[in-house]
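Colleague: Have a look at this prediction, sequence included:
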Amino acid sequence: MKNTEKEEQLLREALDDSLRKVGNVWAPWRTAYIASHPRDGRCVFCAKVEEGPEHDRENLLLERGKRCFVCMNAYPYTPGHVLILPYAHVETLDELDEETYAEFFALLKKWQKIVKSSVNAGGLNIGINMGKIAGAGIAEHLHMHIVPRYFGDTNFITTCADTRVISRSLLDIYDLYLSNNK
Ligand SMILES: [Zn+2]
C-alpha cells in the first residue's frame, strides 16, 4: 500500500471512529436493537397502540391523543426518554395532515415541560431522525424524541455507551410522568 493510500485509510478510520462517538449521544443504538427484534414483523409502535389501553403501562404508553400518542422509549438514551408519534404509520412529516401535525407539536410542547420538570433535567435534546440514513432505528414510523440531559451525562455516555445503566426504573419514571400529566 502506498503512503497516501495508507494515510487516507487512517483518516477514514479516524472519521468513522469520531462519527461513531458522536453518534453515541444520538444514534439509536437501542432502537436498532428493537428493530432487529420485531413483534412478528409488526411495527413495534403500532403494536403498542393496538394492544389496547389495558396494556398501556407495560407498553409505557403515556397518553393517547386524538391523532397522536406519547410513550417512553423502552431503550432510552438517558433516563426518562419520551417519544411522540402519530397513530398513522408514516415515515415523514409531510405525510401528516394538518390536524395531526398540529397535535404532534402540541404534544411536544406539553411533554417537554412535563419531562424537564419531572426528572429535573438540566436540558433536553428534541428531534426527529427522519430516515435510516439519519439514524432512525424504526424509520417506517415517524417519531419525535425528547431526551432529558443531565449534567455529566455526556462523559458517561461517551465512556460507557454500551453498558449504560438506567438509574431509575422505567416504570418509576412512567408513574412520575403520569402523575405530572394533568
Ligand atoms: Zn407503525
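Modeller: Yep, that arrived. Numbers count the residues shown, from 1 in each chain.
Colleague: same question for stretch 60-77, mean pLDDT?
Modeller: With pLDDT averaged residue by residue, stretch 60-77 scores 95.
Colleague: Please apply the same query to stretch 131-141.
Modeller: Throughout stretch 131-141, pLDDT has a mean value of 89.
Colleague: Convert it to CSV, retaining C-alpha atoms only.
Modeller: In CSV, the C-alpha atoms belonging to stretch 131-141 read as follows (Å, rounded to 0.1, in the frame of the first residue of the first chain):
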residue,chain,number,x,y,z
GLY,A,131,-35.0,8.1,7.5
LYS,A,132,-32.5,5.3,8.2
ILE,A,133,-29.6,7.3,6.9
ALA,A,134,-30.4,10.0,9.5
GLY,A,135,-30.1,7.4,12.3
ALA,A,136,-33.7,6.3,12.7
GLY,A,137,-33.9,2.8,14.3
ILE,A,138,-37.5,2.4,13.2
ALA,A,139,-37.6,4.6,10.2
GLU,A,140,-41.0,3.5,8.9
HIS,A,141,-43.0,5.1,11.8
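Colleague: quick one: buried residues of that stretch?
Modeller: Judged by neighbour count (16 or more other CB atoms under 10 Å), stretch 131-141 contains these buried residues: Gly135, Ala136, Gly137, Ile138, Ala139, His141. All C-beta spots, glycine's among them, are computed from the backbone N, C-alpha and C.
Colleague: burial of Leu107, as a residue count?
Modeller: 23 (other CB atoms under 10 Å).
Colleague: Local confidence estimate at it?
Modeller: As predicted, Leu107 sits at a pLDDT of 98.
Colleague: OK, contacts around the nearest residue to it once chain neighbours are set aside?
Modeller: Of all residues not flanking Leu107 in the chain, Ile84 sits nearest, at 5.0 Å (CB to CB, 6 or more residues apart in numbering). For Ile84, the contact set (CB atoms under 8 Å, 6 or more residues apart in numbering) comprises Cys68, Phe69, Val70, Phe104, Leu107, Leu108, Trp111, His143, Met144, Ile146.
Colleague: is Ile84 in a bridge, and if so with what?
Modeller: Ile84 has these beta-bridge partners by DSSP bridges: Val70, Met144.
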